[in-house]
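Trainee: Just a sequence and a predicted model for now, questions to come.
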Amino acid sequence: MQYLEISPEVKAALAANQPVVALESTIISHGMPYPKNVETALRVEAEVRKYGAIPATIAVINGKMKAGLSHKEIELLGKTGTAVTKVSRRDLPIVLARKMLGATTVATTMIIAEAAGISVFATGGIGGVHRGAGESMDISADLQELARTNVAVVSAGVKSILDLGLTLEYLETHGVPVLGFQTYELPAFYTRKSGFSVDYQVDTAEDIAEIIKIKKATNLKGGMIIANPVPEKYQMDKAIIDLAINKALKEADEQGIQGKEITPFLLSRIEQITGGNSLESNIRLVLNNARLGAEIAGKL
């Protein structure tokens with residue numbers, strides 16, 4: 001493809017049928033401050049390698065969809081921060097045409113991963129139906145992408161700033177399986193429990209890989225979610241995080257923050273309100289997802 005550029009390392013791994021795990025770049029530019037964002041991105045890549053797979057961090061650079069970034073490119077995204085364009089499906093052709101620097105959301109990372117031939121993607125949490133969506137109609141493009149693009153997404157469930165119940169209903173309507181890794185309860189990003197059930201519990205990476213293979217063999221289009229709870233010692237107290245979320249949501253409403261700006265705003269305010277504890281939890285859950293993603297890719 002003219003607009004796709006795969007790094008030599010990732011290309012060689014795919015050609016040799018070695019495991020590769022896609023990683024997003026919005027977490028670098030919009031997820032946390034510099035230099036913590038770059039440090040975390042490199043730690044996540046190292047974690048994927050430690051568990052036997054090749055990392056492919058994905059972004060849009062100089063008119064190309066890139067699968068596999070250099071340290072210099074990761075540093076560029078981290079230093080530029082929120083000035084980097086946040087790229088979802090609707091933005092992709094414009095950002096490519098204008099040769100802009102773009103950080104990929106879950107949706108766009110899935111698109112580029114599938115184009116590159118990568119089946120597994122590890123991230124923090126997916127987007128979903130926002131609270132108050134009955135009036136705002138604010139529903140993340142991540143959910144539509146999960147319904148149409150054949151990439152399995154390992155996440156710590158759904159971001160707890162969202163309406164988890166409506167997100168699960170939307171995913172069910174669009175035929176997206178939600179699997180809980182060693183749990184029957186949907187994790188809620190910062191916490192292991194949400195009060196909502198997943199569709200099925202799966203207990204090993206091998207089981208997940210088999211489900212991915214069968215889904216592909218039966219030509220069932222779309223991705224799936226592997227909901228991997230944050231490690232217990234790094235989860236946050238539910239009462240504390242709920243208070244922080246509600247305060248941040250109130251501030252967003254008062255300031256009229258909407259659309260693709262709301263998630264980075266909320267995550268940043270929650271970090272400030274919790275004195276940085278939410279950021280540490282966020283980093284730990286991403287590393288945990290990278291480990292599982294590498295194990296699943298290895299079994300595939």
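Mentor: Happy to help now that I have it.

Trainee: In the stretch 151-300 of the chain, what residue spans correspond to strands?
Mentor: For the stretch 151-300 of the chain, strands defined by DSSP state E, counting those that start in this stretch occupy the ranges 152-155, 178-181, 200-202, 224-227.

Trainee: what's the most buried one of those strands?
Mentor: Sort the strands of the stretch 151-300 of the chain by mean neighbour count, taking mean count of other CB atoms under 10 Å, and strand 152-155 sits at the top with a mean of 28. In this view, the C-beta of every residue, glycine as well, is placed from N, C-alpha and C.

Trainee: Count the residues that sit near Glu261.
Mentor: If you count neighbours by other CB atoms under 10 Å, Glu261 ends up with 15.

Trainee: Check which residues of stretch 27-36 are buried.
Mentor: Neighbour counts over stretch 27-36 (16 or more other CB atoms under 10 Å) mark 27-32 as buried.

Trainee: who touches that stretch?
Mentor: 37-38, 40-41, 57, 74, 77-82, 84, 86, 103, 123-124, 263-264, 267, 271, 279, 282-283, 286 (CB atoms under 8 Å, 6 or more residues apart in numbering).

Trainee: Just the buried ones from those?
Mentor: 37-38, 40-41, 57, 74, 77-78, 81, 84, 86, 103, 123-124, 263-264, 267, 271, 279, 282-283, 286.

Trainee: Using TSV, lay out the strands of the stretch 151-300 of the chain together with mean pLDDT and distance to Ala67.
Mentor: Formatted as TSV, those follow (pLDDT from 0 to 100; distance: least, CB to CB, whole Å):
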stretch	mean pLDDT	distance to Ala67
strand 152-155	98	16
strand 178-181	98	25
strand 200-202	98	27
strand 224-227	98	20
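
Trainee: Mind putting these into JSON lines with distance to Ile257?
Mentor: Shown next, in JSON lines, are those (distance: least, CB to CB, whole Å):
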{"stretch": "strand 152-155", "distance to Ile257": "23"}
{"stretch": "strand 178-181", "distance to Ile257": "28"}
{"stretch": "strand 200-202", "distance to Ile257": "36"}
{"stretch": "strand 224-227", "distance to Ile257": "26"}
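
Trainee: Going along the chain, name the helices of the stretch 201-300 of the chain.
Mentor: 205-217, 238-255, 262-273, 277-299 (DSSP state H, counting those that start in this stretch).

Trainee: what do you get for the stretch 51-200 of the chain?
Mentor: Under DSSP H, counting those that start in this stretch, the stretch 51-200 of the chain gives helices at 71-80, 92-97, 106-116, 133-136, 141-148, 164-173.

Trainee: Point out the most buried one among these.
Mentor: By mean count of other CB under 10 Å, the helices of the stretch 51-200 of the chain have helix 106-116 as the most buried, with a mean of 26.
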